[in-house]
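Peer 1: Sequence first, predicted model second:
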2 protein chains.
Amino acid sequence: MANSPHDLPSSALLRTAYNILAARIFTSVVSQTDFNDLRPSHGNAMEQLELEDGLRLTDLAGRAGITAQSMGELVDDLETKGYLERRPDPDDRRAKRIYLTDRGRKNARAAKRATTDVEHDLAELLGEQRYTDLRRTLEDIISGFRSDDEGLI
Amino acid sequence: MANSPHDLPSSALLRTAYNILAARIFTSVVSQTDFNDLRPSHGNAMEQLELEDGLRLTDLAGRAGITAQSMGELVDDLETKGYLERRPDPDDRRAKRIYLTDRGRKNARAAKRATTDVEHDLAELLGEQRYTDLRRTLEDIISGFRSDDEGLI
DNA sequence: GAAAAATATTCAGGCTTCCTTTATATACGG
DNA sequence: CCGTATATAAAGGAAGCCTGAATATTTTTC
């Protein structure tokens, strides 16, 4: 590769490190032939439903930080591909609730496993102490800077 | 915001930290009214020309990691807006060399300043020791993992 | 208890950023 | 020179996000 990391801005280091980790997780999941019809953006929906099933589109969008319309497209696609299904919300007939199918649950488990594996690899590469320090430092950057530029992200 | 950073995967922490820093740098540059016609992707071209002026389109694309065609669009746009100019390569009449204009140089200086400011802010937030540790850790992640997944990024 | 306001979703269309394919001009090795 | 490689450009498309407007339903308010 052309660039030595030497004296790159920290933002570039963060981006590259993120890209490497994200690519590992994503390729680990889609390399299972069952799931090779997923694209990275589908993760926006799947990640949330792994945590809590049966959400409404609006909630899903809010948690992922994208518009309801964008999330609608992702959910359309994931529904077509058989990962999700929409069922009417019995309490609010404007809304539908979005559930993982069996296939969706299998995928969610694979994603979780891949993410956990990467955390392990990271901790192994860095050692427990530096791994913990890194996470704390990143959390400090997020909470320390977020307030400064509300809503710019 | 909805998510507490607690036990998010490290990849998510890296992405959020990157987004915050990148947004700071970008908004700091474009908030100068002179430069409010730039979009983030223009940085792909400008960043490289800050380092070395007079590159050919192909080199520029290679260094930025995008196709020559994509870079061609960015350069078209930046030329229209007066940041760059193309001049024929005297040694190879197939090629053109791309130079910063005065306006382009002014912008490059502003970008460099914004980047430096963010590094300072980071070092101040974390303290010198943790700032240095963070950078070294990120470099270690990049060099430690890059070899594993060659070309997946 | 009806009119007004808010909410959930969908439909239509657009923008940005990147891509692939194809065309054209130029360079260079044998 | 002739074939192949290289530099750029032109045309069109896919992905991922957006805004605005339409529709159905719920909640609020007077």
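Peer 2: Arrived safely.
Peer 1: going forward, measure contacts and count neighbours with C-alpha atoms only.
Peer 2: Will do.
Peer 1: Chain A: helices as residue ranges?
Peer 2: A:10-30, A:42-51, A:57-64, A:68-80, A:102-126, A:128-146 (DSSP state H).
Peer 1: Quick check: which of the ones you listed is buried the most?
Peer 2: Counting by mean count of other C-alpha atoms under 10 Å in any protein chain shown, helix A:10-30 has the highest mean neighbour count of those, with a mean of 21.
Peer 1: Tabulate the CA atom coordinates of that one in CSV.
Peer 2: Extracted in CSV, the C-alpha atoms of helix A:10-30 (Å, rounded to 0.1, in the frame of the first residue of the first chain):
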residue,chain,number,x,y,z
SER,A,10,-5.9,10.3,13.8
SER,A,11,-9.2,10.4,11.8
ALA,A,12,-7.5,8.5,9.0
LEU,A,13,-6.2,5.9,11.4
LEU,A,14,-9.7,5.5,12.9
ARG,A,15,-11.3,5.1,9.5
THR,A,16,-8.8,2.5,8.3
ALA,A,17,-9.0,0.5,11.5
TYR,A,18,-12.8,0.6,11.3
ASN,A,19,-12.8,-0.4,7.7
ILE,A,20,-10.6,-3.4,8.5
LEU,A,21,-12.8,-4.6,11.3
ALA,A,22,-16.0,-4.0,9.5
ALA,A,23,-14.8,-5.9,6.5
ARG,A,24,-13.8,-8.8,8.6
ILE,A,25,-17.2,-9.0,10.2
PHE,A,26,-19.1,-8.6,7.0
THR,A,27,-17.1,-11.0,5.0
SER,A,28,-17.2,-13.6,7.7
VAL,A,29,-21.0,-13.4,7.7
VAL,A,30,-21.6,-13.3,3.9
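Peer 1: before we move on, the earlier item: nearest to B:Ala64, of the helices of chain A?
Peer 2: helix A:10-30 (12.2 Å; C-alpha to C-alpha).
Peer 1: got any ranges where chain A has weak pLDDT?
Peer 2: In the predicted model, chain A carries pLDDT under 70 at residues A:1-6, A:147-153.
Peer 1: what residues does it put near DNA strand C?
Peer 2: Within chain A, the positions near DNA strand C by C-alpha under 7 Å from any atom of the strand are A:56-59, A:68-69, A:72, A:94-97.
Peer 1: ok, 6 Å please
Peer 2: Residues of chain A lying near DNA strand C by C-alpha under 6 Å from any atom of the strand: A:56-58, A:68-69, A:72, A:94-97.
Peer 1: Just send those back as a markdown table, with distance to A:Glu47 too.
Peer 2: Output for those, formatted as a markdown table (distance: C-alpha to C-alpha, whole Å):
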| residue | distance to A:Glu47 |
| --- | --- |
| A:Arg56 | 14 |
| A:Leu57 | 14 |
| A:Thr58 | 15 |
| A:Ala68 | 16 |
| A:Gln69 | 18 |
| A:Gly72 | 15 |
| A:Arg94 | 24 |
| A:Ala95 | 21 |
| A:Lys96 | 19 |
| A:Arg97 | 16 |
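Peer 1: got a markdown table for the helices of chain A, with distance to B:Leu51 too?
Peer 2: What follows is the helices of chain A, written out as a markdown table (distance: least, C-alpha to C-alpha, whole Å):
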| stretch | distance to B:Leu51 |
| --- | --- |
| helix A:10-30 | 15 |
| helix A:42-51 | 36 |
| helix A:57-64 | 36 |
| helix A:68-80 | 38 |
| helix A:102-126 | 32 |
| helix A:128-146 | 28 |
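Peer 1: B:Glu47: which of these is closest?
Peer 2: helix A:10-30 (11.4 Å).
Peer 1: Tell me what angle that closest one forms with helix B:10-30.
Peer 2: 140 degrees (axes from the mean of the first three to the mean of the last three C-alpha atoms, to 10 degrees).
Peer 1: what angle do helix A:10-30 and helix A:42-51 make?
Peer 2: Using the same axes, to 10 degrees: helix A:10-30 against helix A:42-51 is 70 degrees.
Peer 1: Show me what helix A:10-30 is packed up against.
Peer 2: Here helix A:10-30 touches helix A:102-126, helix B:10-30, helix B:128-146, going by 3 or more C-alpha pairs under 8 Å, 6 or more residues apart in numbering or on different chains; DSSP states H and E.
Peer 1: closest one to A:Ala12 among the ones you listed?
Peer 2: Of all the helices and strands packed on helix A:10-30, helix B:10-30 comes closest under C-alpha to C-alpha, at 7.8 Å.
Peer 1: Settle this for me: A:Asn36 is touching A:Val30, isn't it.
Peer 2: Yes. At 4.6 Å, A:Asn36 and A:Val30 qualify as touching, with contact defined as C-alpha atoms under 8 Å.
Peer 1: Now do the contacts for the closest residue to A:Gln48 other than its chain neighbours.
Peer 2: Leaving aside its sequence neighbours, A:Gln48 sits nearest to A:Leu60 (C-alpha to C-alpha, 6 or more residues apart in numbering or on different chains; 6.7 Å). Residues counted as contacts of A:Leu60 (C-alpha atoms under 8 Å, 6 or more residues apart in numbering or on different chains) are A:45, A:48-49, A:68, A:71.
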